[in-house]
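> coordinates for the following, if possible.
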Amino acid sequence: MYVYEVKNMTCGGCVNGVKKAVLTVDPNAQVEVDLATKKVTVESTHPSTEFVDALTTAQYDARTAH
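Numbers count the residues shown, from 1 in each chain. Here you go, the predicted structure:
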């Protein structure tokens, strides 16, 4: 499981965009988005970097949460 912080996620449209970006990498991924905390949780067997790259390409400021 991976957890990312997406600082520029501000609305429901962003939530949908984030989910879409994650699912382009792995259509079978389990994605949970918490807009209030700006955290995205992804359960997948794909490498974490692929999701960061996809989110960045979709113009979201995504970083691995600590």
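> contacting residues for residue 65?
Shown in contact with residue 65 (CB atoms under 8 Å, 6 or more residues apart in numbering): 3, 4, 5, 39. In short, each C-beta sits where N, CA and C put it, glycine included.
> doesn't the second one belong to a strand?
What that stands for is residue 4. Yes - checked against DSSP: H, G, I helix; E, B strand; the rest coil, residue 4 lies within a strand.
> so which residues of this protein form strands?
Taking DSSP state E, the strands of the chain run over residues 2-6, 30-34, 39-43, 62-64.
> and those strands as TSV, adding mean neighbour count, mean pLDDT and distance to residue 49?
Below are the strands of the chain laid out as TSV (neighbours: other CB atoms under 10 Å; pLDDT from 0 to 100; distance: least, CB to CB, whole Å):
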stretch	mean neighbour count	mean pLDDT	distance to residue 49
strand 2-6	19	96	10
strand 30-34	15	97	17
strand 39-43	18	97	12
strand 62-64	17	92	9
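> closest to residue 15 out of the ones you listed?
strand 30-34 (4.8 Å; CB to CB).
> list the helices and strands that closest one packs on?
Applying 3 or more CB pairs under 8 Å, 6 or more residues apart in numbering; DSSP states H and E, one finds that strand 30-34 contacts helix 12-25, strand 39-43.
> nice, that's everything, thank you.
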